[in-house]
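A.B. asks: sequence-free structure coming up:
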């Protein structure tokens, strides 16, 4: 009697190349008109982008990579995956622009136990839509199906942004001087930081995603995507000098602002201009954190900080008076105060 052979295929191991191809097809076939600088995009072994060197005398490539972190757990709990793509893009792009760079293109990496065509198409469409909102191409990416590495419906994301800046226009801490002022731009909420703490509050039943919060519920308030700040830099380009820029992520204002300040100076923050928004106050109360801990953990309502010359404030105010933004002066740069990087007064 002939022995039966139990063939073990890649698909039987839990990996479906067919589903992965279909997922990529769902994105690539609906891509907008090809960006003129993209020579090869989604679908190949690599992506090609032609840099317009006529724009830059001394072009410097600026790169950034990040993920969404445990906000993905919140998205899964809410079954709301439309906005995670913007979170991913923003966490990378908002870092790159702090150097004065113009974002050129974006790539993503999605890892999961098993490709879910409907779910993961929604995620990738969210990334693509966010890219289109700031006019950069989603030039490529990778989808990794890894059974046994992730639980059934879990997935993880990473993003990669590449930008360019002329060497003379690089924003770095050497440009920050005594007397410069700090301008804060509103966040849209927690952005993509602090969700390990928030998820723990949900697990402890200290908060409920269904509980009422203002005109909506807490879940919808928490899932709001990270704000993109690209247009702020574009509005100011060639109009006033940006001496420093800090993207306020994990570590809050307390940890992120000193990263762009020379050691010989101290940042003096105006506490009266740092009123913690109600959404943050709710988490503060439930986690029993004091204001100092809040400012060192969350963005507390300020997602981007620019440092400019005091003499440019009138021009700055005029530029933003006609926009949706409501920036405010939150501090200034002064002489070193002992060993303190930042002082709240």
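C.D. replies: On my side now, so go ahead. Quick caveat, the model's predicted, so the values are computed rather than measured.
A.B. asks: residues touching the closest residue to residue 299 other than its chain neighbours, list them.
C.D. replies: Nearest residue to residue 299, sequence neighbours excluded (Cβ to Cβ, 6 or more residues apart in numbering): residue 248, at 4.2 Å. Backbone N, C-alpha and C define where each C-beta goes, glycine included. Each residue near residue 248 by Cβ atoms under 8 Å, 6 or more residues apart in numbering is listed here: 187, 256-257, 299, 302-305.
A.B. asks: and the two most separated of those residues?
C.D. replies: The two members of the contacts of residue 248 with the most space between them (Cβ to Cβ) are 187 and 257, at 14.3 Å.
A.B. asks: Now do the strands in the stretch 151-300 of the chain.
C.D. replies: For the stretch 151-300 of the chain, strands defined by DSSP state E, counting those that start in this stretch occupy the ranges 155-166, 181-186, 212-213, 216-217, 244-247, 265-269.
A.B. asks: Identify the neighbouring strands of the fourth one in the sheet and state each direction.
C.D. replies: Read it as strand 216-217. Strand pairing for strand 216-217, using DSSP bridges, gives strand 212-213 (antiparallel).
A.B. asks: which outside residues touch the strand it pairs with?
C.D. replies: 218, 220-221, 279, 282.
A.B. asks: what about the stretch 1-150 of the chain, any weak spots by pLDDT?
C.D. replies: Within the stretch 1-150 of the chain, the segments meeting pLDDT under 70 span 1-33.
A.B. asks: where along it do the helices fall?
C.D. replies: Ranges of helices in the stretch 1-150 of the chain, per DSSP state H, counting those that start in this stretch, are 17-28, 71-78, 84-96, 117-133.
A.B. asks: quick one on the thing from earlier: may I see the contacts of residue 248 organised as CSV, with distance to residue 209 added?
C.D. replies: CSV is the format used below for those (distance: Cβ to Cβ, whole Å):
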residue, distance to residue 209
187, 20
256, 28
257, 32
299, 21
302, 25
303, 23
304, 27
305, 30
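A.B. asks: Out of those residues, who's the most crowded?
C.D. replies: residue 299 (31 neighbours; other Cβ atoms under 10 Å).
A.B. asks: In this structure it contacts residue 186, no?
C.D. replies: No. At 9.5 Å, residue 299 does not count as touching residue 186 under the criterion of Cβ atoms under 8 Å.
A.B. asks: Distance check, the residue nearest the centre of the chain against residue 161.
C.D. replies: In the chain, the residue lying closest to the centroid (Cα atoms, centre = their mean) is residue 91, at 1.6 Å. Distance of residue 91 to residue 161, given as Cβ to Cβ, to the nearest Å: 9 Å.
A.B. asks: shared neighbours of these two, anything?
C.D. replies: Joint contacts of residue 91 and residue 161 (Cβ under 8 Å, 6+ apart) do not exist.
A.B. asks: quick one: which of the strands of the stretch 151-300 of the chain is nearest residue 341?
C.D. replies: Of all the strands of the stretch 151-300 of the chain, it is strand 265-269 that lies closest to residue 341, at 6.5 Å by Cβ to Cβ.
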